[in-house]
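Chemist: Provide a 3D model corresponding to the input given below.
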Amino acid sequence: MLPDDSWYKEMPICNGGGILIKRNMWAVVCLTVLVGLSACGGGGGSDTTGGGGGTTSDTTAPKNTTASNFMINGGASSTSSPLNTISISATDSVGVTGYFVSETSTTPSATASGWTSITSTTSYSADLSFTLSSGNGTKTVYVWFKDAAGNVSTSVSGTIALQGIVGGGSDSTAPINTTKSNFINRGATAVSSTSVTLSISATDDVGVTGYYASETSAPYPGDTVSGWTSITSATSYSADVPFTLSSGDATKRVSVWFKDAAGNFSTSMSATIALHIDTPPIPPWVKWVYTTWTSIPSSGGAIYYSSPAIGDDGTIYVTNEGTATRGLYAINPDGTLKWSYLKGMPTVGVWDIMSSPVLGPDGTIYMQNERSNLYAVNPNGSLKWNTTNLFTSLAVGLPTPSVGSDGTIYIGADSIYAFNPDGTLKWRSNIINYVGSSTFRSGSAIAADGTIYIGGSGYFGDFPTNYGSTAIFAINPDGTVKWQYLMKDNSWIFSSPAIGADGSIYLGVETGAADTDNNYVYAMNPDGTLKWRYVVEGGRTIRSSPAIGSDGTIYIGTKAGPVVNAVFLALNPDGTLKWFFPIDEFAADIYCSPTIGANGIIYFGAETGFLYAMNPDGTLAWKYSTNNGINWSSPAIASDGTIYIGNNDGKLFAIGSNSLGLANTPWPRVHHDNKNTGRSN
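Modeler: Prediction:
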């Protein structure tokens, strides 16, 4: 052995040999020695695969290249089996020698139990089987890699929901989540409060025992997660439950799940809603949707004829013509059912309601059925009185009553009838239809002086002699005929009159097939003379009723012609065309009558299923799809801007707008006002 101060060092090499290295030669010789060591296959650093010890030179951990979003079952969000496939991968410049998979997030040491050894490789990937821990819920799986030097990689984790696994007993079937997709505030798209209502439902063969509602981003809540709400076990569960949205104006996403006593839990149902507290929403936005036929499951029904009415307390009234759901519905302003008077089988009758509800001065609600019988319903939903066998069946039309300022109710059937508020007959006009088919297929309009205007179609008798024609009649308050204006034969009037500021009367006329180029909008003077008539071209007919703007513009819709689309018309007070707007679906008609909002926007629906909002200059402000046709149901507008309209799927929509009530015009909507009185004063 040389002295310590000689600056020489003896280095061991293969098989017990050695080499003397002088200090000033160290840098040159060192490389040679290390290369030699590698060639020998022994000693040296920890990344050698032979025996012996030596110094450690690898300090770089493997790189974990596992993709977290595809780690478990190719990226699945849920599984019903504890045994799953995990896809893992890593790289290392020297070699990956093992992996560690666990549901615990603590990084393992290189010498911990649980590592799986693999043949050293610089690039490793594999699909492996892994058994999740027991119990339903969200499972998080972590994976690490190590090399021969004992370096351990960072972790990568993936999550998956284990569901449908029995917590005990023999029940292995999870509840079925039957919640509808638009379950927040009955289909609302925007709200101005964090407090909302969730309409949720589920079924289970044994029993639903709880629900979980959350804005969490986790795909499924675990069975032990706090926040589950317990309910009395039921095989069929449905409820409106309160929920508080997180703060801050934004679109919120709420999900709901259900579980049973065995620990099985359902898939989720999610819905979104925009929270607007600091910033008002941009119209249109849905406040809620009420489905009339949910009161009698699987019964169907359409809000085909009914234009909603609004009471002084904000209650919305609408009629439905479904086989089992025909009748009158009273809906609270929040979209919940107040009561319903079902005039359906088997208790009361079998005839469709073909009118809009009309509110009397005392809150009584009036409506007509297709036999023209009049029903009076108390404000609490009980029947007050009704007429019977008034007339034969009406095939089509909407003969809505009108109510005078003294409470007298006027209806059209085979003649004009006036009823006292107690249901007794006040008078019957001497205009009589003598062939047994309906004469009056629309509502009437009451002028400020009490004159009743109504259009009739059919063969009349006793006034003044028998004739067959279409006419508009002016009836005095005592039932005598003031005047009549005869129109073209083979015509029909489905349009209810509108009365202008100067007393002019406006309505549309549908001419028969032989006169497809002669359909008109009529303007009559109060004395019964013709003011003007506007020719609707293209074979388009009219079943819509007019509304009158503040400047005297007359708005009305048409049906489609044989080869042309339906149009929405704006006519000047002199009967010339101001503008028109064609709807964007061929063969779809406009039966709906327009409604003018307080800000001048004109609203109407069409068989396209859209509610259209038109600017006064004829440009489209917006449109909203109800996903089913809109026929004679015409919009009502509450003072807070809520627009109410029905569609052929039996749904009543509450849609937010910037029109705070009806316009202050002579006739802003069909039947004049939100109570559908048909009275101008």
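Chemist: count of neighbours near the residue nearest to P477 when sequence neighbours are not counted?
Modeler: Excluding its sequence neighbours, the residue lying closest to P477 (Cβ to Cβ, 6 or more residues apart in numbering) is G450, at 3.9 Å. Every residue, glycine included, has its C-beta placed from N, CA and C. By other Cβ atoms under 10 Å, 16 other residues sit near G450.
Chemist: and S625, by the same measure?
Modeler: When counting by other Cβ under 10 Å, one arrives at 11 neighbours for S625.
Chemist: make 114 the starting number, not 1.
Modeler: Got it, the first residue is 114 from now on, which makes the last one we talked about S738.
Chemist: next, give phi and psi for it.
Modeler: phi -90, psi 130 (degrees, to the nearest 10).
Chemist: contacts only, for it.
Modeler: Neighbouring residues of S738 by Cβ atoms under 8 Å, 6 or more residues apart in numbering: 721-723.
Chemist: now with 6 Å?
Modeler: The contact partners of S738, taken as Cβ atoms under 6 Å, 6 or more residues apart in numbering, are 722-723.
Chemist: quickly note the distance from it to A363.
Modeler: 24 Å (Cβ to Cβ, to the nearest Å).
Chemist: ok, now V471?
Modeler: Distance of V471 to A363, computed by Cβ to Cβ: 43 Å.
Chemist: out of these two, which sits in the busier spot?
Modeler: V471 (26 against 11).
Chemist: quick one: that one and T192, what's the gap?
Modeler: 59 Å.
Chemist: next, give phi and psi for the residue nearest to the spatial centre of the chain.
Modeler: The residue lying closest to the centre of the chain (Cα atoms, centre = their mean) is G300, at 4.5 Å. Backbone torsions of G300, given as degrees, to the nearest 10, read phi 90, psi 10.
Chemist: not counting sequence-adjacent ones, nearest residue to D730?
Modeler: Excluding its sequence neighbours, the residue lying closest to D730 (Cβ to Cβ, 6+ apart) is W692, at 7.3 Å.
Chemist: what's the pLDDT at T436?
Modeler: For T436, the model assigns a pLDDT of 58.
Chemist: let me fix that: S294
Modeler: pLDDT, read off for S294, is 86.
Chemist: what helix or strand does it sit in?
Modeler: Counting by DSSP states H and E, no helix or strand carries S294.
Chemist: re earlier: what about the residue nearest to D730, distance to V369?
Modeler: 47 Å.
Chemist: same check, this time on F356
Modeler: Between F356 and V369 the distance, using Cβ to Cβ, works out to 9 Å.
Chemist: hmm, back to that, got the phi/psi numbers for the residue nearest to P590?
Modeler: The phi/psi pair for G563 (degrees, to the nearest 10) is phi 90, psi 0.
Chemist: pretty sure the residue nearest to the centre of the chain is touching T404, no?
Modeler: No: using Cβ atoms under 6 Å, G300 makes no contact with T404, being 9.0 Å away.
Chemist: measure the closest residue to the residue nearest to the centre of the chain other than its chain neighbours to T432 for me?
Modeler: Excluding its sequence neighbours, the residue lying closest to G300 (Cβ to Cβ, 6+ apart) is V402, at 3.6 Å. Separation of V402 from T432 (Cβ to Cβ): 17 Å.
Chemist: which one of the two is surrounded by more residues?
Modeler: Legend: neighbour count by other Cβ under 10 Å for V402 and T432, higher for T432 (33 against 22).
Chemist: now do the helix or strand encompassing the more buried one: distance to the chain's middle.
Modeler: For T432, the host element (DSSP H and E) is strand 429-433. Relative to its chain's centre, strand 429-433 lies at 20 Å (Cα atoms, centre = their mean, to the nearest Å).
Chemist: can you list contacts of it?
Modeler: With Cβ under 6 Å, 6+ apart as the criterion, strand 429-433 contacts 405, 414, 416, 419, 421-423, 439, 441-444, 466, 470, 478, 480, 757, 759, 763, 765.
Chemist: now do 8 Å
Modeler: By Cβ under 8 Å, 6+ apart, the surrounding residues in contact with strand 429-433 are 405-406, 414-416, 418-419, 421-424, 439-446, 466, 468-470, 472, 478, 480, 746, 749, 757, 759, 763, 765, 767.
Chemist: any of those buried? List them.
Modeler: By neighbour count, with 16 or more other Cβ atoms under 10 Å, the contacts of strand 429-433 hold 405-406, 414-416, 418-419, 421-424, 439-444, 446, 466, 468-470, 472, 478, 480, 746, 749, 757, 759, 763, 765, 767 as buried.
Chemist: which of the residues you listed fall in strands?
Modeler: Among these, the residues falling in strands (DSSP state E) are 422-423, 440-444, 472, 478, 480, 749, 757, 759, 765, 767.
Chemist: report the two of the residues you listed separated the most.
Modeler: Within those, M480 and A767 form the most distant pair, 21.0 Å apart (Cβ to Cβ).
Chemist: tell me the secondary structure for the residue nearest to T385 when sequence neighbours are not counted?
Modeler: In space, and not counting its chain neighbours, T385 is closest to R366: 4.9 Å by Cβ to Cβ, 6+ apart. Following DSSP: H, G, I helix; E, B strand; the rest coil, we place R366 in the strand state.
Chemist: what distance do you get for R366 to T329?
Modeler: Counting by Cβ to Cβ - R366 and T329 are separated by 10 Å.
Chemist: stretch 253-268: end-to-end distance?
Modeler: Terminal residues of stretch 253-268 lie 12 Å apart, using Cα to Cα, to the nearest Å.
Chemist: how about stretch 632-642?
Modeler: Taking Cα to Cα, stretch 632-642 runs 19 Å from one end to the other.
Chemist: residues in contact with stretch 178-196?
Modeler: The contact list for stretch 178-196, computed with Cβ under 8 Å, 6+ apart, reads 197-204, 238, 242-247, 254, 256, 269-278, 332-333, 380.
Chemist: emit the PyMOL select command for whichever of these are buried.
Modeler: Restricted to buried positions by 16+ other Cβ under 10 Å, the PyMOL selection for the contacts of stretch 178-196 reads:
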select buried, resi 197+199+200+201+202+203+204+243+245+254+256+269+271+272+273+274+275+276+277+278+333+380
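Chemist: which of the contacts of stretch 178-196 fall in strands?
Modeler: Counted as lying in strands by DSSP E, out of the contacts of stretch 178-196, are 197-204, 238, 242-244, 254, 256, 269-275.
Chemist: list the buried residues for whichever strand or helix holds Y454?
Modeler: Assigned by DSSP H and E, Y454 belongs to strand 450-455. Across strand 450-455, burial judged by 16+ other Cβ under 10 Å covers 451, 453-455.
Chemist: could you single out the nearest of those residues to S346?
Modeler: In terms of Cβ to Cβ, no member of the buried residues of strand 450-455 lies closer to S346 than S453, at 30.0 Å.
Chemist: tell me the contacts of the nearest residue to that closest one once chain neighbours are set aside?
Modeler: Using Cβ to Cβ, 6+ apart and skipping residues adjacent in sequence, the residue nearest S453 is Y442, 4.8 Å away. Going by Cβ under 8 Å, 6+ apart, Y442 touches 403, 405, 430-433, 450, 452-453, 765.
Chemist: from G710, how far out is Y442?
Modeler: Taking Cβ to Cβ, one finds Y442 at 24 Å from G710.
Chemist: for A384, same thing?
Modeler: 29 Å.
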